[in-house]
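[1] From the sequence below, what's the structure:
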Amino acid sequence: MQAHLIGGIPQAEVVAKQREFDKFGMAPDIFFEPLRPNYVAFRAALDAKPAIKATLEADTNLQAKLAAHHTTLEQWWQVAQHDFAQLREGRKLPEVRSELLATLKAKLQPLGVLDEFKSAGVFVNWWQAIRFDLKTVISTGWHHTLIPDSTLIAEYFQNEADEIEALEGGINEAQGELTEAAEVAAESVNYEAEEGEGEENEAKLTAATIKKYLKTLIDDLADANTDSAIKERKQYEELYDGITAIEKRIKVHKAVFKTKQDELELKLWLKRIGGMDAKAETNKLIVQANTAMKALNPAVKEDKKKLTALEKDKAALQMRLARIDDLLAAIGGQISEQDAKRLILKKLHDLANKELLRYLNAEKRALLALVENLWDKYAVSNQLLEAEREKSLNSLNGFLAKLGYLG
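    Okay, here's the model as predicted:
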């Protein structure tokens, strides 16, 4: 009660939570300072609740403890990855699981943050996520299908991915310019949306609608010869041309973006399956296209449309076929089994690291919640609240006195 009346935090409440601080090797005094016997207060630097999280994250002891966990995981992984490698040599999966679980628990528990059950939880959840991958390794080897596209891109095609991302950013920027240009044009001509152009369609239709409206204004002034009319028509034409120029730029960017995306997909495909399989698959698709085209009658309108689409697809496939050898050489050939094994093991490692981080973050959030709870309970005392109330009341009385409501 005293803490609520005159401020402060009972030291006993902080001491009772000492174990939570000890987990991370932290001292409570990064948050609290002595106030009076048996009471502490939040440090002056903690002037708002969000400062608690910033102080926690910046603590060197906490950072060191987290780093120690990741170092320990790396040490464990140096042995674990060899156990996985032996799966193809006949080692049994249950045996590997039992050994790795025991060794990981033995390494994590002494660090003091995760108890026996949470240390086991890190392993069990990770094993659940990778068990099908391990079964694939046992049955078919280090197969490329176990490698996500994101991993292959990061390893072999990051420059291409960066280029595509830059193009996408350029498209988004140009889309913003188009929206702004349409809004400026609409304001310049005092355009008001016609009935039926609902808010949900406004953003999508703005450029097209404004251009149509500007074209009407330009056509209406086509035969006008006065200086003011010519000047007005020129203004409308400049607005129209400005929107059109941005639309053309977006169209070009999108075409390049699509080409680069298709190129990256083709490189990924070739990296996975190699030239022979790629050629066989492409030739199979060409044969299918030829078969489908023979069954169509160009004299029939619907068949003619399908025929045109198939001819376009066939031309693209033939172009792909002609480029396979050169493109495969440019990307360093098909991924080797050794590289596939390395990348699959990296994937397994990253998943283990992610699971460990999830558990550590949960412990960190628990400590943060503990301190924030003390803030919510004790940061503002009843005396301070009364003082603020008195101050506000005095201000109000002064204002009423000026208006003559108080004597």
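[2] Domains in this protein, by residue range?
    1-47+50-147+336-378, 152-330 (automatic domain parsing).
[3] How far does the last one sit from its chain's centre?
    Translated: domain 152-330. Domain 152-330 has its C-alpha centroid displaced from the chain centroid by 26 Å (C-alpha atoms, centre = their mean, to the nearest Å).
[4] what about that domain, average pLDDT?
    For domain 152-330, mean pLDDT rounds to 88.
[5] Quick check: end-to-end length of that domain?
    Taking C-alpha to C-alpha, to the nearest Å, domain 152-330 runs 15 Å from one end to the other.
[6] hmm, back to that, may I see the domains of the chain arranged in TSV, with mean neighbour count as well?
    In this view, the C-beta of every residue, glycine as well, is placed from N, C-alpha and C. Formatted as TSV, the domains of the chain follow (neighbours: other C-beta atoms under 10 Å):
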stretch	mean neighbour count
domain 1-47+50-147+336-378	15
domain 152-330	14
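[7] what's near enough to touch residue 254?
    Residue 254 is in contact with residue 171, counting by C-beta atoms under 8 Å, 6 or more residues apart in numbering.
[8] go on, residue 20?
    Applying C-beta under 8 Å, 6+ apart, the residues contacting residue 20 are 366, 367, 370.
[9] Ramachandran coordinates for it?
    Dihedral angles of residue 20 (phi, psi; degrees, to the nearest 10) stand at phi -70, psi -40.
[10] again with the one 4 residues further on
    Summarising the backbone geometry of residue 24 under the convention degrees, to the nearest 10, its torsions are phi -100, psi 10.
[11] next one: residue 16
    With angles defined as degrees, to the nearest 10, residue 16 sits at phi -60, psi -20.
[12] just residue 300 next, same as before
    phi -90, psi 130.
[13] gap between it and residue 315?
    From residue 300 across to residue 315, the span is 22 Å (C-beta to C-beta, to the nearest Å).
[14] Also residue 267?
    Noted for residue 267: a distance of 20 Å to residue 315, by C-beta to C-beta.
[15] again with residue 231
    Taking C-beta to C-beta as the measure, residue 231 falls 50 Å from residue 315.
[16] Name the SS class of the residue positioned nearest the centre of the chain, please.
    The structure's the chain has its C-alpha centroid closest to residue 150; by C-alpha atoms, centre = their mean the separation is 12.8 Å. Taking DSSP: H, G, I helix; E, B strand; the rest coil as the rule, one finds residue 150 in the helix state.
[17] Over to residue 335?
    At residue 335 the chain is in coil, as set by three-state DSSP.
[18] Surely it is in contact with residue 144?
    Yes - counting by C-beta atoms under 8 Å, residue 335 touches residue 144, with 5.9 Å between them.
[19] hey, what's in contact with both of those two?
    Contacts common to residue 335 and residue 144, judged by C-beta under 8 Å, 6+ apart, are 271, 272.
[20] can you give me the strands in this structure?
    Listed in chain order, the strands of the chain (DSSP state E) span 9-10, 32-36, 39-42.
[21] What strands line up against the first one, and which way round?
    So that's strand 9-10. Sheet neighbours of strand 9-10, with direction, are listed as strand 39-42 (antiparallel) (DSSP bridges).
[22] Tell me which residues are up against the strand it pairs with.
    2-3, 7-11, 14, 31-35, 375, 379.
[23] Repeat that for stretch 278-293.
    Stretch 278-293 is contacted from outside by 269-270, 273, 306-307, 310-311, 313-314, 317-318, 320-321, 324, 328, using C-beta under 8 Å, 6+ apart.
[24] Residue 259: which of those residues is nearest?
    Using C-beta to C-beta, residue 320 comes nearest to residue 259 of these, at 12.9 Å.
[25] isn't that closest one right up against residue 266?
    Yes - Residue 320 is within contact range of residue 266, at 6.7 Å (criterion: C-beta under 8 Å).
[26] quick revisit: would you turn the contacts of residue 20 into a markdown table with distance to residue 133 and pLDDT?
    Output for the contacts of residue 20, formatted as a markdown table (distance: C-beta to C-beta, whole Å; pLDDT from 0 to 100):
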| residue | distance to residue 133 | pLDDT |
| --- | --- | --- |
| 366 | 32 | 94 |
| 367 | 34 | 95 |
| 370 | 38 | 93 |
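[27] which residue ranges form the helices in the stretch 151-300 of the chain?
    Counting by DSSP state H, counting those that start in this stretch, the stretch 151-300 of the chain has helices at residues 158-188, 199-220, 227-294.
[28] Kindly reformat these as TSV containing distance to residue 341.
    Rendered in TSV, the data for the helices of the stretch 151-300 of the chain read as follows (distance: least, C-beta to C-beta, whole Å):
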stretch	distance to residue 341
helix 158-188	21
helix 199-220	48
helix 227-294	15
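[29] can you tell which of the ones you listed is closest to residue 18?
    Closest among the helices of the stretch 151-300 of the chain, once you apply C-beta to C-beta, is helix 158-188, at 47.1 Å.
[30] Can you name every helix or strand that the closest one contacts?
    helix 149-156, helix 199-220, helix 227-294 (3 or more C-beta pairs under 8 Å, 6 or more residues apart in numbering; DSSP states H and E).
[31] And the first one, how far out from the chain middle?
    Relative to its chain's centre, helix 149-156 lies at 16 Å (C-alpha atoms, centre = their mean).
[32] Packing partners of that helix?
    Against helix 149-156 (3+ C-beta pairs under 8 Å, 6+ apart) you get helix 158-188, helix 227-294, helix 337-378.
[33] got the angle for that helix vs helix 158-188?
    Here helix 149-156 points in a direction 110 degrees away from that of helix 158-188 (axes from the mean of the first three to the mean of the last three C-alpha atoms, to 10 degrees).
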